[in-house]
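Visitor: Sequence and computational prediction follow.
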Amino acid sequence: PKEVTDMLFDILALIFVIITIILLRRLINIFPSLMACTIRWKESINLEASVKHSLDRDMLAAAMIIPFCLAVEKFGLYSPEFMENMSQSIHLLVSIGIFLSYCTIRMLVSKLTRAQKINPKTYKTAGRASFTFFIILTLVLLLMGGILDFIDADPALIKSAMLCVSAFIYALFLLRKFQIFVSGCSFFTAFLYLCALEILPTGALVASAIVF
(Lines give C-alpha, C1' and ligand atoms only; values in the text may rest on other atoms or scores of the structure.)
Protein backbone atom coordinates (compact mmCIF):
# COMPACT_ATOMS: atom_id res chain seq x y z
CA PRO A 1 0.00 0.00 0.00
CA LYS A 2 1.10 3.54 -0.71
CA GLU A 3 0.70 4.47 2.97
CA VAL A 4 3.21 1.79 3.95
CA THR A 5 5.65 2.99 1.31
CA ASP A 6 5.28 6.60 2.37
CA MET A 7 5.79 5.59 5.99
CA LEU A 8 8.95 3.63 5.15
CA PHE A 9 10.30 6.50 3.07
CA ASP A 10 9.43 9.04 5.77
CA ILE A 11 11.01 6.94 8.52
CA LEU A 12 14.27 6.65 6.58
CA ALA A 13 14.16 10.36 5.75
CA LEU A 14 13.65 11.18 9.44
CA ILE A 15 16.59 8.96 10.38
CA PHE A 16 18.72 10.85 7.85
CA VAL A 17 17.65 14.23 9.26
CA ILE A 18 18.57 13.15 12.78
CA ILE A 19 21.95 11.83 11.64
CA THR A 20 22.56 15.03 9.67
CA ILE A 21 21.91 17.18 12.73
CA ILE A 22 24.34 15.07 14.74
CA LEU A 23 27.08 15.15 12.09
CA LEU A 24 26.48 18.66 10.69
CA ARG A 25 29.46 20.23 12.44
CA ARG A 26 31.73 17.48 11.15
CA LEU A 27 30.45 18.04 7.61
CA ILE A 28 31.04 21.80 7.82
CA ASN A 29 34.57 21.29 9.15
CA ILE A 30 35.58 18.75 6.52
CA PHE A 31 33.73 20.20 3.53
CA PRO A 32 36.66 22.37 2.30
CA SER A 33 38.90 19.29 2.32
CA LEU A 34 36.31 17.29 0.38
CA MET A 35 36.07 19.95 -2.30
CA ALA A 36 39.86 20.24 -2.46
CA CYS A 37 40.02 16.52 -3.27
CA THR A 38 38.03 17.14 -6.45
CA ILE A 39 40.60 19.70 -7.62
CA ARG A 40 43.91 18.04 -6.71
CA TRP A 41 44.60 14.36 -6.12
CA LYS A 42 47.23 15.15 -3.49
CA GLU A 43 44.50 16.52 -1.24
CA SER A 44 43.23 12.96 -0.79
CA ILE A 45 46.62 12.06 0.66
CA ASN A 46 46.50 15.08 2.97
CA LEU A 47 43.00 14.17 4.11
CA GLU A 48 43.98 10.57 4.78
CA ALA A 49 47.00 11.76 6.79
CA SER A 50 44.67 13.53 9.21
CA VAL A 51 43.19 10.98 11.62
CA LYS A 52 40.33 13.31 12.61
CA HIS A 53 39.41 14.30 9.06
CA SER A 54 39.60 10.78 7.71
CA LEU A 55 37.44 9.48 10.56
CA ASP A 56 34.88 12.25 10.04
CA ARG A 57 34.88 11.52 6.31
CA ASP A 58 34.26 7.82 6.90
CA MET A 59 31.39 8.55 9.30
CA LEU A 60 29.78 10.96 6.85
CA ALA A 61 30.11 8.46 4.00
CA ALA A 62 28.26 5.85 6.07
CA ALA A 63 25.60 8.43 6.95
CA MET A 64 25.06 9.23 3.26
CA ILE A 65 23.93 5.70 2.38
CA ILE A 66 20.32 6.33 3.43
CA PRO A 67 19.83 9.68 1.63
CA PHE A 68 21.58 8.35 -1.48
CA CYS A 69 19.24 5.36 -1.69
CA LEU A 70 16.22 7.60 -1.05
CA ALA A 71 17.28 9.93 -3.87
CA VAL A 72 17.82 6.97 -6.21
CA GLU A 73 14.36 5.64 -5.36
CA LYS A 74 12.49 8.95 -5.52
CA PHE A 75 13.88 9.97 -8.89
CA GLY A 76 14.05 6.49 -10.44
CA LEU A 77 17.80 6.51 -11.01
CA TYR A 78 17.96 2.71 -10.75
CA SER A 79 14.93 0.97 -12.21
CA PRO A 80 15.73 -2.28 -14.08
CA GLU A 81 12.91 -4.24 -15.64
CA PHE A 82 12.99 -7.04 -13.07
CA MET A 83 11.92 -4.50 -10.41
CA GLU A 84 9.04 -2.97 -12.36
CA ASN A 85 6.31 -5.16 -10.85
CA MET A 86 7.49 -4.76 -7.29
CA SER A 87 5.54 -2.67 -4.81
CA GLN A 88 7.18 0.64 -4.03
CA SER A 89 8.22 -0.42 -0.54
CA ILE A 90 9.83 -3.63 -1.82
CA HIS A 91 11.41 -1.64 -4.65
CA LEU A 92 13.05 0.68 -2.11
CA LEU A 93 14.30 -2.18 0.06
CA VAL A 94 15.68 -4.06 -2.96
CA SER A 95 17.44 -0.89 -4.16
CA ILE A 96 19.07 -0.50 -0.75
CA GLY A 97 20.04 -4.18 -0.77
CA ILE A 98 21.60 -3.94 -4.23
CA PHE A 99 23.59 -0.87 -3.27
CA LEU A 100 24.87 -2.50 -0.08
CA SER A 101 25.77 -5.62 -2.09
CA TYR A 102 27.66 -3.44 -4.55
CA CYS A 103 29.60 -1.84 -1.68
CA THR A 104 30.33 -5.27 -0.21
CA ILE A 105 31.62 -6.61 -3.54
CA ARG A 106 33.88 -3.56 -3.94
CA MET A 107 35.25 -4.11 -0.43
CA LEU A 108 35.88 -7.81 -1.04
CA VAL A 109 37.60 -7.14 -4.36
CA SER A 110 39.78 -4.53 -2.67
CA LYS A 111 40.72 -6.99 0.08
CA LEU A 112 41.42 -9.83 -2.35
CA THR A 113 43.44 -7.68 -4.75
CA ARG A 114 45.55 -6.09 -2.02
CA ALA A 115 48.59 -3.94 -2.59
CA GLN A 116 51.32 -6.10 -4.10
CA LYS A 117 52.92 -3.67 -6.54
CA ILE A 118 52.10 -0.43 -4.77
CA ASN A 119 52.73 1.23 -1.43
CA PRO A 120 50.02 0.03 1.03
CA LYS A 121 49.32 3.60 2.19
CA THR A 122 48.84 4.77 -1.39
CA TYR A 123 46.55 1.81 -2.05
CA LYS A 124 44.51 2.61 1.06
CA THR A 125 44.26 6.29 0.15
CA ALA A 126 43.06 5.46 -3.35
CA GLY A 127 40.46 3.06 -1.98
CA ARG A 128 39.08 5.48 0.57
CA ALA A 129 38.85 8.27 -1.99
CA SER A 130 35.53 6.67 -2.96
CA PHE A 131 34.13 7.78 0.42
CA THR A 132 35.00 11.38 -0.37
CA PHE A 133 33.37 11.40 -3.77
CA PHE A 134 30.34 9.46 -2.53
CA ILE A 135 29.65 12.21 0.00
CA ILE A 136 29.98 14.86 -2.71
CA LEU A 137 27.76 12.90 -5.11
CA THR A 138 25.03 12.45 -2.51
CA LEU A 139 25.05 16.11 -1.51
CA VAL A 140 24.85 17.21 -5.15
CA LEU A 141 22.00 14.80 -5.92
CA LEU A 142 20.03 15.95 -2.88
CA LEU A 143 20.52 19.60 -3.80
CA MET A 144 19.68 19.06 -7.47
CA GLY A 145 16.69 16.88 -6.72
CA GLY A 146 15.34 19.31 -4.15
CA ILE A 147 15.63 22.35 -6.43
CA LEU A 148 14.30 20.68 -9.59
CA ASP A 149 11.45 19.03 -7.71
CA PHE A 150 10.56 22.34 -6.05
CA ILE A 151 10.23 24.10 -9.42
CA ASP A 152 8.16 21.18 -10.76
CA ALA A 153 10.64 20.16 -13.43
CA ASP A 154 9.74 17.20 -15.63
CA PRO A 155 10.61 13.92 -13.85
CA ALA A 156 12.39 12.61 -16.95
CA LEU A 157 14.49 15.77 -17.08
CA ILE A 158 15.38 15.46 -13.40
CA LYS A 159 16.41 11.84 -13.88
CA SER A 160 18.55 12.62 -16.95
CA ALA A 161 20.22 15.59 -15.26
CA MET A 162 21.01 13.59 -12.12
CA LEU A 163 22.39 10.66 -14.10
CA CYS A 164 24.62 12.98 -16.14
CA VAL A 165 25.95 14.68 -13.01
CA SER A 166 26.50 11.29 -11.39
CA ALA A 167 28.48 10.11 -14.41
CA PHE A 168 30.59 13.29 -14.34
CA ILE A 169 31.40 12.99 -10.62
CA TYR A 170 32.22 9.30 -11.02
CA ALA A 171 34.51 10.05 -14.00
CA LEU A 172 36.26 12.72 -11.91
CA PHE A 173 36.64 10.20 -9.10
CA LEU A 174 38.20 7.67 -11.49
CA LEU A 175 40.68 10.29 -12.67
CA ARG A 176 41.71 11.25 -9.13
CA LYS A 177 41.96 7.60 -8.05
CA PHE A 178 44.06 6.81 -11.09
CA GLN A 179 46.37 9.74 -10.29
CA ILE A 180 46.79 8.46 -6.74
CA PHE A 181 47.66 5.00 -8.04
CA VAL A 182 50.16 6.39 -10.57
CA SER A 183 51.95 8.22 -7.74
CA GLY A 184 52.86 4.83 -6.29
CA CYS A 185 53.18 2.47 -9.26
CA SER A 186 53.48 2.30 -13.04
CA PHE A 187 50.85 3.63 -15.44
CA PHE A 188 49.89 0.12 -16.58
CA THR A 189 49.64 -1.28 -13.04
CA ALA A 190 47.51 1.69 -12.00
CA PHE A 191 45.17 1.03 -14.92
CA LEU A 192 44.83 -2.64 -13.95
CA TYR A 193 44.02 -1.69 -10.38
CA LEU A 194 41.42 0.80 -11.60
CA CYS A 195 39.77 -1.81 -13.83
CA ALA A 196 39.63 -4.44 -11.10
CA LEU A 197 38.50 -2.17 -8.28
CA GLU A 198 36.19 0.27 -10.06
CA ILE A 199 35.37 -0.27 -13.71
CA LEU A 200 34.36 -3.95 -13.49
CA PRO A 201 32.14 -3.74 -10.35
CA THR A 202 30.47 -0.51 -11.47
CA GLY A 203 30.12 -1.82 -15.02
CA ALA A 204 28.28 -4.85 -13.63
CA LEU A 205 25.95 -2.58 -11.64
CA VAL A 206 25.17 -0.44 -14.68
CA ALA A 207 24.67 -3.54 -16.82
CA SER A 208 22.15 -4.91 -14.29
CA ALA A 209 20.07 -1.78 -14.80
CA ILE A 210 20.20 -2.00 -18.59
CA VAL A 211 20.16 -5.74 -19.35
CA PHE A 212 17.89 -7.00 -16.58
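Guide: Happy to help now that I have it. Numbering: from 1, shown residues only.
Visitor: list the contacts for residue 125?
Guide: Going by CB atoms under 8 Å, 6 or more residues apart in numbering, residue 125 touches 44-45, 48, 180. Just so you know, the C-beta spots here come from the backbone N, C-alpha and C atoms, and that holds for glycine as well.
Visitor: scratch that, residue 209 is what I was asking about
Guide: Neighbour list for residue 209: 78-80 [criterion: CB under 8 Å, 6+ apart].
Visitor: Redo the residues you listed as TSV? Include distance to residue 14.
Guide: Putting these into TSV (distance: CB to CB, whole Å) gives the following:
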residue	distance to residue 14
78	23
79	24
80	28
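Visitor: elements contacting the top helix by length along the chain?
Guide: With secondary structure taken from DSSP state H, the chain has its longest helix at helix 2-39. Judged by 3 or more CB pairs under 8 Å, 6 or more residues apart in numbering; DSSP states H and E, helix 2-39 is in contact with helix 42-49, helix 51-63, helix 65-74, helix 88-113, helix 120-150, helix 155-182.
Visitor: Next, the angle helix 65-74 makes with the longest one.
Guide: Relative orientation of helix 120-150 versus helix 65-74 (axes from the mean of the first three to the mean of the last three CA atoms, to 10 degrees): 50 degrees.
Visitor: try the fourth one
Guide: With the same axes, to 10 degrees as the criterion, the two stretches helix 88-113 and helix 65-74 enclose an angle of 130 degrees.
Visitor: List the buried residues for helix 88-113?
Guide: Applying a neighbour-count criterion of 16 or more other CB atoms under 10 Å, the buried positions in helix 88-113 are 89, 91-92, 94-96, 98-99, 106, 110.
Visitor: same question, stretch 139-154
Guide: Within stretch 139-154, the residues scored as buried using 16+ other CB under 10 Å are 139-142, 144-145, 148.
Visitor: Mind picking the two most distant members of the contacts of residue 125?
Guide: By the measure CB to CB, 48 and 180 form the most distant pair in the contacts of residue 125, at 9.6 Å.
Visitor: Just want to know which of those two has more residues nearby.
Guide: Ranked by neighbour count (other CB atoms under 10 Å), residue 48 and residue 180 place residue 180 first, with 25 against 22.
Visitor: show me the residues around the more buried one that make contact.
Guide: Here residue 180 is in contact with 41, 44-45, 122, 125-126, 129 (criterion: CB under 8 Å, 6+ apart).
Visitor: number of nearby residues for the nearest residue to it once chain neighbours are set aside?
Guide: Spatial nearest neighbour of residue 180, excluding adjacent residues (CB to CB, 6 or more residues apart in numbering): residue 126 at 4.2 Å. Neighbour count of residue 126, defined by other CB under 10 Å: 30.
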